[in-house]
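Asker: Build the 3D model from these lines:
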Amino acid sequence: MTLGVALLALIVAAGRGEAADKVLRVVPHADLKVLDPHTNTATITVMHGAMIYDTLFAWDSKLRPQPQMVGKEQVSPDRLVYTFTLRPGLKFHDGQPVTAKDVITSVKRWMVRNTLGQALTKFVDKIEAADDKTFVIRLKEPFAFVEMALGSPDADIMRAQDAATDPFKAVTTTIGSGPFRFVSGEWNPGAKVVYEKNRDYIPRSEPADGLAGGKVVRVDRVEWVVLPDSFTKSGALQRGEVDMIDSLPQDQLPVLEHVQGIVISRVSPIDSYGIIRPNSLYPPFNNPKARQALALIVNQREYASAAFGDEHWWRECWSFFVCGSANGTEAGSDSFRRQDLARAKQLLAESGYKGEKIVLITTQEIPSISALGDVTADNLRKIGANVEVKVSDWGTMVARRAKKDPPDQGGWNLFHTTVGGTNMTSPISNFAINSSCDGKNWFGWPCDAETEKLRAAYIQAADEGPSQAALEALHRHLWQTLPDIPVGQYVQPFAWRSNITGVLHAPLLVFWNIAKN
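Answerer: Down below sits the predicted model:
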């Protein structure tokens with residue numbers, strides 16, 4: 001019996017006394033290690049945040065911001081003063097009411113780490129409370145994305161005492177005001193995470209739409225059953241031991257796609273894509289020539305077929321903002337669309353590289369990321385690079401990629417990840433291109449003043465309406481600086497049993513609106 005099968009047997013046995021139609025068992029794509037969605041972009045942490053916290057606004061299925069915790073909004077004619085009143089009935093899981101102080105403390109903390117929040121910060125003059133339920137954001141100049149920013153999936157509202165935590169130190173408490181409560185006593189890292197319905201939660205009256213609308217919970221409990229092995233996951237779904245698989249591994253598509261009683265579908269309305277992320281703090285990838293060399297080792301068909309399975313589920317794409325989206329330009333990518341190992345080797349040498357060890361951190365817990373790492377390691381070795389691959393579980397890799405230590409002292413040079421397209425479709429929210437030089441941007445910490453100047457020009461132009469010229473100028477520059485390298489765009493499949501209904505098309509897999517029939 002494998003470890004995964006043994007864990008599943010224990011979990012199922014423990015739950016036999018519960019009403020089967022009230023417990024939703026889900027295999028998550030990774031184990032939950034970090035509980036603070038303000039400090040970590042890992043999807044599993046953002047999903048956890050969506051369970052227990054709420055947001056002021058929320059993005060619907062068309063990525064339009066809609067009021068969520070906000071009941072009333074007023075905007076001054078000059079668009080410099082935004083007054084928000086919380087809707088009635090909001091309270092935290094400990095019974096305390098949600099106040100303007102909680103909101104302001106949370107928003108200020110979130111703004112430090114989130115790319116959209118950092119963009120908003122540059123326009124904010126002051127955030128202050130008018131009374132216990134009303135807060136005001138005063139801007140120095142108009143910003144077209146206020147509601148969009150406040151609806152970011154990780155812009156979670158915490159209790160003021162939790163949100164007062166240093167933004168670079170993870171909060172470990174789990175008391176929110178959202179539709180589920182975290183059952184800390186049943187959390188077994190590596191095996192099981194449990195949430196129960198928050199019976200005090202008052203949903204909005206609008207129908208659920210994406211992350212917006214009424215968060216109506218139709219089950220008593222949601223259990224995340226951690227099963228790292230792909231075949232164990234699909235076998236458990238077929239036997240009815242679990243109800244859903246979050247982010248179905250592509251190697252299981254042929255196993256499940258013709259099984260009666262199993263639904264395979266997408267969840268996100270926007271495609272995802274894979275990236276190589278270089279560490280811009282240390283040689284060789286602090287030199288743009290080394291990053292250009294990295295781009296030239298890429299054959300997207302090689303990466304996508306290795307990581308994302310049948311071509312039905314993926315496509316080549318050279319846009320940092322998702323092909324098929326409103327901003328899906330590929331301007332500036334022509335020189336990098338064809339793999340050129342000889343040119344890559346030359347550029348790597350010109351960057352000053354002399355055979356030093358390149359530390360690539362990866363994980364086998366998420367098969368697609370593991371496959372991407374294998375391809376990169378192989379291609380780098382073809383151009384003479386000295387690659388050391390460090391394999392760990394996903395949670396350990398996430399912790400290591402946050403370290404700014406030198407690569408030979410516990411840091412890193414490269415990692416791969418897959419990113420949901422929702423945040424990446426706009427220069428405002430795309431955290432991977434954020435090249436601010438304050439060290440507060442996403443892991444890899446690229447620093448490029450021209451990128452930030454072009455992003456600011458896009459924001460300014462957007463105040464008058466979409467600007468293709470500003471978008472393309474930024475995109476052409478990104479293909480020279482390469483804060484990350486796209487390796488293929490794909491649709492992430494999910495799987496669930498046919499008695500599960502109400503799965504929403506949303507940037508995240510969320511568990512309100514779902515019924516188990």
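Asker: you'd agree residue 488 is up against residue 300?
Answerer: Yes: with contact defined as Cβ atoms under 8 Å, residue 488 counts as touching residue 300 (4.6 Å). (Glycine included, C-beta is placed from N, CA and C.)
Asker: Just want to know which of these two has more residues nearby.
Answerer: More neighbours surround residue 488 than the other of residue 488 and residue 300, with 26 against 21 (other Cβ atoms under 10 Å).
Asker: Return the set of residues that bridge with the more buried one.
Answerer: residue 274 (DSSP bridges).
Asker: any common contacting residues for residue 488 and residue 300?
Answerer: Counting by Cβ atoms under 8 Å, 6 or more residues apart in numbering, the common neighbours of residue 488 and residue 300 are 316, 317.
Asker: Give me the longest helix you can find in this structure.
Answerer: Secondary structure of the chain per DSSP state H: the longest helix is helix 367-382.
Asker: Give me the contacts around that one.
Answerer: By Cβ under 8 Å, 6+ apart, helix 367-382 touches 230, 249-251, 274, 276, 297-298, 302-303, 306-308, 341, 358, 360, 362-364, 387, 389, 391, 394, 414-418, 487.
Asker: Can you say which of those residues are buried?
Answerer: 230, 249-250, 274, 276, 297-298, 302-303, 306-308, 341, 358, 360, 362-363, 387, 394, 414-418, 487 (16 or more other Cβ atoms under 10 Å).
Asker: Mark which of these are part of helices, please.
Answerer: 230, 302, 303, 306, 307, 308, 341, 394.
Asker: model confidence over the helix or strand containing residue 58, on average?
Answerer: Assigned by DSSP states H and E, residue 58 belongs to strand 57-59. Averaging pLDDT along strand 57-59 yields 97.
Asker: Now the element after that strand, going C-ward?
Answerer: Following strand 57-59 in sequence order, the next helix or strand is strand 65-67 (DSSP H and E).
Asker: list the buried ones in that following strand?
Answerer: Neighbour-count burial for strand 65-67, with 16+ other Cβ under 10 Å as criterion, is recorded at 65, 66, 67.
Asker: between the residues you listed, which is nearest residue 510?
Answerer: Closest approach to residue 510 among those (Cβ to Cβ): residue 66, at 14.6 Å.
Asker: For the closest one, which non-adjacent residue is spatially closest?
Answerer: Closest residue to residue 66 apart from its sequence neighbours, by Cβ to Cβ, 6 or more residues apart in numbering: residue 212 at 3.9 Å.
Asker: List the residues that contact residue 93.
Answerer: Residue 93 sits in contact with 52, 175, 176, 177, 181, 198, 200, where contact means Cβ under 8 Å, 6+ apart.
Asker: switch the cut-off to 6 Å
Answerer: 175, 181 (Cβ atoms under 6 Å, 6 or more residues apart in numbering).
Asker: Kindly report the same for residue 363.
Answerer: Taking Cβ under 6 Å, 6+ apart, one finds 369, 392, 394, 397 in contact with residue 363.
Asker: Could you find the lowest-pLDDT member of those residues?
Answerer: Among the contacts of residue 363, pLDDT bottoms out at residue 394, giving 88.
Asker: export the longest helix of the chain as PDB, just CAs?
Answerer: Coordinates of each C-alpha in helix 367-382 appear next as PDB, following Å, rounded to 0.1, in the frame of the first residue of the first chain:
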ATOM      1  CA  PRO A 367       4.000  17.200 -12.400                       C
ATOM      2  CA  SER A 368       3.800  20.200 -14.800                       C
ATOM      3  CA  ILE A 369       6.400  22.200 -12.900                       C
ATOM      4  CA  SER A 370       8.600  19.100 -12.500                       C
ATOM      5  CA  ALA A 371       8.500  18.600 -16.300                       C
ATOM      6  CA  LEU A 372       9.300  22.300 -17.100                       C
ATOM      7  CA  GLY A 373      12.400  22.000 -14.800                       C
ATOM      8  CA  ASP A 374      13.600  18.900 -16.500                       C
ATOM      9  CA  VAL A 375      13.400  20.500 -19.900                       C
ATOM     10  CA  THR A 376      15.300  23.700 -18.800                       C
ATOM     11  CA  ALA A 377      18.000  21.700 -17.000                       C
ATOM     12  CA  ASP A 378      18.600  19.600 -20.100                       C
ATOM     13  CA  ASN A 379      18.700  22.600 -22.500                       C
ATOM     14  CA  LEU A 380      21.000  24.600 -20.200                       C
ATOM     15  CA  ARG A 381      23.400  21.700 -20.100                       C
ATOM     16  CA  LYS A 382      23.400  21.600 -23.900                       C
END
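Asker: How far away from the center of its chain is it?
Answerer: The chain centre lies 22 Å from the centre of helix 367-382; the measure is Cα atoms, centre = their mean, to the nearest Å.
Asker: same thing with stretch 346-363?
Answerer: Distance, centroid of stretch 346-363 to centroid of chain: 28 Å (Cα atoms, centre = their mean).
Asker: Over to stretch 126-146?
Answerer: Worked out by Cα atoms, centre = their mean, stretch 126-146 lies 26 Å from the chain centre.
Asker: Likewise for stretch 410-417?
Answerer: Centre to centre, stretch against its chain (Cα atoms, centre = their mean), the figure for stretch 410-417 is 17 Å.
Asker: which other residues reach that stretch?
Answerer: Contacts for stretch 410-417 (Cβ under 6 Å, 6+ apart): 276-279, 358-361, 369, 372-373, 401, 403, 405, 407.
Asker: Buried residues, stretch 162-174. List them.
Answerer: Of the residues in stretch 162-174, those buried (16+ other Cβ under 10 Å) are 162, 163, 165, 167, 170, 171, 174.
Asker: which two in these are spaced the farthest apart?
Answerer: Longest span within those, Cβ to Cβ: 167 and 174, 17.7 Å.
Asker: To what extent is residue 506 buried, counted in neighbours?
Answerer: The number of residues near residue 506, taken as other Cβ under 10 Å, comes to 23.
Asker: Now the nearest residue to residue 320 once chain neighbours are set aside, what are its backbone angles?
Answerer: With sequence-adjacent residues excluded and distances taken as Cβ to Cβ, 6+ apart, residue 320 is closest to residue 478, at 5.4 Å. Phi and psi for residue 478, reported as degrees, to the nearest 10, are phi -60, psi -30.
Asker: Just confirm residue 478 contacts residue 319, I think it does.
Answerer: No: taking contacts as Cβ atoms under 6 Å, residue 478 lies outside contact range of residue 319: 9.8 Å.
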